[in-house]
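>>> quick one: sequence plus predicted model below, questions after.
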Amino acid sequence: MQYRRRLRSRLIISFALFGIALTVLFAVATLSLRTRVEDQLVNDTLQREVARFLAFKRDNPDPNAPWSFSSVRGYIYGINKIENVPFEWKSLSNGNYNITDIGDDGKPHRFKLAVDKADDLWAFLRYDASKEELGERQLIVGLVGVVILFSLFAILLGVWSSARVMRPVTDLARRVKQFGKTRRAEPLAPHFANDEVGELAAALDNYSDKLTALVERDREFNADVSHELRTPLAVIASTTELMLASSTLTDKLRDRLKRIERASKQATELTNALLLLSRSERSGPTDGETTDVAKIAEQIIDMNRPNIGNKPVTVRLELDEVVEVDAPSAVIAVALNNLIGNGIKYTQAGDVVVRVGAGRVVVEDSGPGIAIEDAEKLFVRGVRGEGAAGKGAGLGLAIVRRLCELYGWHVSLAPRPQGGAAATLDFRLKH
């Protein structure tokens with residue numbers, strides 16, 4: 001692993017540098033703007049006063065001629081000249097005041113007035129502050145511009161800083177997303193530094209190794225079990241077939257042998273389906289086989305008739321049109337056997353109708369029905385419907401859902417308005 005600063009340190013350093021840089025730049029910009037405004041005010045005042053001074057000396061060449069700045073005017077009144085004091089100034093006590101008065105140009109100006117009243121004399125100094133007011137406005141406009149500029153700079157710096165700091169996390173997320181595209185996950189830790197992201201990558205590598213080993217053991221177990229089950233099932237099927245060929249069998253014994261034959265075939269189909277689900281393919285194999293769905297449905301109905309027992313239940317197949325699917329017959333048989341078997345199991349009296357057509361199979365029963373909000377729950381492993389008779393693990397519909405996901409089909413349950421439930425296996429929604 002490469003050595004770098006830890007992610008927390010990088011975040012602290014990045015934001016510290018970010019704040020310091022903004023503070024320094026804002027301070028420099030503010031000082032520069034203030035200096036510029038002050039220089040402009042001083043230069044304008046000096047140029048104005050020197051022009052007045054030149055004009056005054058041209059008109060008054062006497063060196064002793066009195067001259068004063070235009071921005072500051074002094075007024076002094078004796079105690080016997082109080083009536084000459086401007087009316088607004090008479091009531092003012094000693095101190096400084098902001099006033100508005102008419103300037104030399106005949107326009108209103110903002111002035112600062114200093115007042116000092118003694119027993120014998122009243123003194124007033126009036127300072128023209130209109131230029132400073134203009135400078136303040138320029139300073140405010142400049143500061144607003146600086147704030148906008150630094151806000152944009154902060155956004156750009158923040159985006160750049162966050163992208164740089166979060167780059168290892170983004171890279172880790174990208175590599176994790178690629179896990180599903182390969183059969184064997186590539187180790188993550190060697191690609192990252194010895195920091196928090198590197199520790200997370202190492203933890204993910206460890207978890208991936210354990211998960212991969214678990215999946216491999218599960219897949220091997222399923223394959224071994226399926227392979228070992230095929231041999232005794234084949235022996236049962238072949239022995240049953242030979243026994244059924246005998247002409248000395250009684251009808252009762254023949255019926256029992258046929259039941260064994262059907263159970264053997266069902267177990268073989270279920271074994272093949274489970275072996276198929278244990279593989280890692282993203283889509284189910286077809287093996288070049290096209291299956292007539294109605295034919296399989298008829299076989300499943302015959303296989304499940306013994307489960308009716310003495311119940312007053314009628315099971316019938318209605319063929320609206322031929323439906324052929326590119327999938328192994330064993331897969332379709334497992335799916336239909338669960339749906340039709342459930343219809344017979346939950347129906348205590350009435351009809352179970354298997355309707356084939358329009359690219360789908362619909363199994364309608366006359367059982368207790370289901371609630372709409374419970375329909376999806378029944379496809380969860382271990383969940384059984386209310387009123388189910390006999391023992392069961394609640395795996396049948398979960399297996400059907402997994403087969404549908406593998407082949408791109410759709411299976412659903414819904415209540416019927418007249419009572420009972422309807423299970424639909426739709427082959428038209430293949431991805």
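That came through fine. Numbering: from 1, shown residues only.
>>> what's near enough to touch the nearest residue to Thr268 once chain neighbours are set aside?
Leaving aside its chain neighbours, Thr268 sits nearest to Leu233 (5.0 Å; criterion: Cβ to Cβ, 6 or more residues apart in numbering). No exception for glycine: its C-beta is placed from N, CA and C like everyone else's. For Leu233, the contacting residues are Ser264, Ala267, Thr268, Thr271, by Cβ atoms under 8 Å, 6 or more residues apart in numbering.
>>> can you list those residues in CSV and add neighbour count?
Listed next are those as CSV, based on neighbours: other Cβ atoms under 10 Å:
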residue, neighbour count
Ser264, 20
Ala267, 16
Thr268, 19
Thr271, 20
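>>> which two from the residues you listed end up farthest apart in space?
Farthest apart among the contacts of Leu233 by Cβ to Cβ are Ser264 and Thr271. That separation is 10.5 Å.
>>> helix or strand for the nearest residue to Ser329 once chain neighbours are set aside, just tell me which one.
Excluding the flanking residues, the one nearest Ser329 by Cβ to Cβ, 6+ apart is Thr291, at 4.5 Å. Assessed by DSSP states H and E, Thr291 sits inside strand 290-292.
>>> mean confidence score for that strand?
For strand 290-292, mean pLDDT is 87.
>>> ok, and what's touching it?
Counting by Cβ under 8 Å, 6+ apart, Val322, Val323, Glu324, Val325, Asp326, Ala327, Pro328, Ser329, Ile332 sit against strand 290-292.
>>> what strands line up against it, and which way round?
strand 324-326 (antiparallel) (DSSP bridges).
>>> any buried residues in the strand it pairs with, and which?
Val325 (16 or more other Cβ atoms under 10 Å).
>>> who touches that strand?
In contact with strand 324-326 (Cβ under 8 Å, 6+ apart) are residues Thr286, Glu289, Thr290, Thr291, Asp292, Val293, Ile332, Phe427.
>>> swap the cut-off to 7 Å and go again
Here strand 324-326 makes contact (Cβ atoms under 7 Å, 6 or more residues apart in numbering) with Thr286, Thr290, Thr291, Asp292, Val293, Ile332, Phe427.
>>> and the contacts of strand 290-292, which is closest to Asp251?
Ser329 (29.2 Å).
>>> let me see the mean pLDDT of the helix or strand Ile20 falls within.
In this assignment (DSSP H and E), Ile20 forms part of helix 7-59. The pLDDT scores in helix 7-59 average 68.
>>> right, and the helix or strand after it?
strand 72-78.
>>> any idea how far that following strand is from the chain center?
76 Å (Cα atoms, centre = their mean, to the nearest Å).
>>> residues making contact with whichever helix or strand comes after that strand?
Scanning forward in sequence from strand 72-78 by DSSP H and E, the next helix or strand is helix 87-90. Helix 87-90 is contacted from outside by Phe124, using Cβ under 7 Å, 6+ apart.
>>> who are the packing partners of the helix or strand that helix 87-90 is followed by?
Downstream of helix 87-90, the first helix or strand assigned by DSSP H and E is strand 95-102. Contacting strand 95-102 under the criterion 3 or more Cβ pairs under 7 Å, 6 or more residues apart in numbering; DSSP states H and E are the following elements: strand 108-117.
>>> centre of the chain to the strand it packs on, how far?
65 Å.
>>> likewise for stretch 293-306?
Using Cα atoms, centre = their mean, the offset of stretch 293-306 from its chain centre is 46 Å.
>>> quick one: contacts for Arg126?
Arg73, Phe111, Leu113.
>>> no no, Glu289
Contacts of Glu289 (Cβ under 7 Å, 6+ apart): Pro328, Ser329.
>>> before we move on, what about Val293?
Per Cβ under 7 Å, 6+ apart, neighbours of Val293: Val323, Glu324, Val325, Ile332, Val356, Val361.
>>> helix, strand or coil for the last one?
Put simply, Val361 is strand when judged by DSSP: H, G, I helix; E, B strand; the rest coil.
>>> got phi/psi on the residue nearest to it when sequence neighbours are not counted?
Once flanking residues are discounted, Val361 sits nearest to Leu425: 4.7 Å by Cβ to Cβ, 6+ apart. The phi/psi pair for Leu425 (degrees, to the nearest 10) reads phi -110, psi 110.
>>> and for Leu425, the neighbour number?
25 (other Cβ atoms under 10 Å).
>>> so it sits right up against Ala358, yeah?
No: counting by Cβ atoms under 7 Å, Leu425 sits too far from Ala358 to count as a contact (11.8 Å).
>>> got the domain ranges for this structure?
Segmentation of the chain into domains, based on automatic domain parsing, reads 7-148, 191-280, 284-426.
>>> beta partners of Lys117?
Going by DSSP bridges, Lys117 forms beta bridges with Trp122.
>>> relative to Phe379, how far out is it?
Taking Cβ to Cβ, to the nearest Å as the measure, Lys117 falls 98 Å from Phe379.
>>> swap in Met243?
Following Cβ to Cβ, the distance that separates Met243 from Phe379 is 39 Å.
>>> once you drop chain neighbours, what's closest to Ala273?
Ala273 sits nearest to Val334 (Cβ to Cβ, 6+ apart), 4.2 Å away.
>>> ranges for the helices of the stretch 101-250 of the chain?
130-177, 196-244 (DSSP state H, counting those that start in this stretch).
>>> and the shortest one with strand 108-117, angle?
The directions of helix 130-177 and strand 108-117 differ by 120 degrees, with axes from the mean of the first three to the mean of the last three Cα atoms, to 10 degrees as the criterion.
>>> elements contacting helix 130-177?
helix 7-59, strand 108-117, helix 196-244.
>>> give me the distance from it to the chain's centre.
Distance, centroid of helix 130-177 to centroid of chain: 26 Å (Cα atoms, centre = their mean).
>>> again with stretch 212-229
Using Cα atoms, centre = their mean, the offset of stretch 212-229 from its chain centre is 36 Å.
>>> can I get that stretch in PDB, CA atoms only?
C-alpha atoms of stretch 212-229 as PDB (Å, rounded to 0.1, in the frame of the first residue of the first chain):
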ATOM      1  CA  THR A 212     -17.400 -16.100  -2.400                       C
ATOM      2  CA  ALA A 213     -16.300 -19.100  -0.400                       C
ATOM      3  CA  LEU A 214     -19.800 -19.500   1.000                       C
ATOM      4  CA  VAL A 215     -21.400 -19.300  -2.400                       C
ATOM      5  CA  GLU A 216     -18.900 -21.700  -3.900                       C
ATOM      6  CA  ARG A 217     -19.600 -24.200  -1.100                       C
ATOM      7  CA  ASP A 218     -23.400 -23.800  -1.600                       C
ATOM      8  CA  ARG A 219     -23.100 -24.200  -5.300                       C
ATOM      9  CA  GLU A 220     -20.900 -27.300  -5.000                       C
ATOM     10  CA  PHE A 221     -23.300 -28.800  -2.400                       C
ATOM     11  CA  ASN A 222     -26.300 -28.200  -4.600                       C
ATOM     12  CA  ALA A 223     -24.600 -29.700  -7.600                       C
ATOM     13  CA  ASP A 224     -23.400 -32.700  -5.600                       C
ATOM     14  CA  VAL A 225     -26.800 -33.300  -4.000                       C
ATOM     15  CA  SER A 226     -28.600 -33.000  -7.400                       C
ATOM     16  CA  HIS A 227     -26.100 -35.300  -9.000                       C
ATOM     17  CA  GLU A 228     -26.400 -37.900  -6.300                       C
ATOM     18  CA  LEU A 229     -30.200 -37.700  -6.400                       C
END
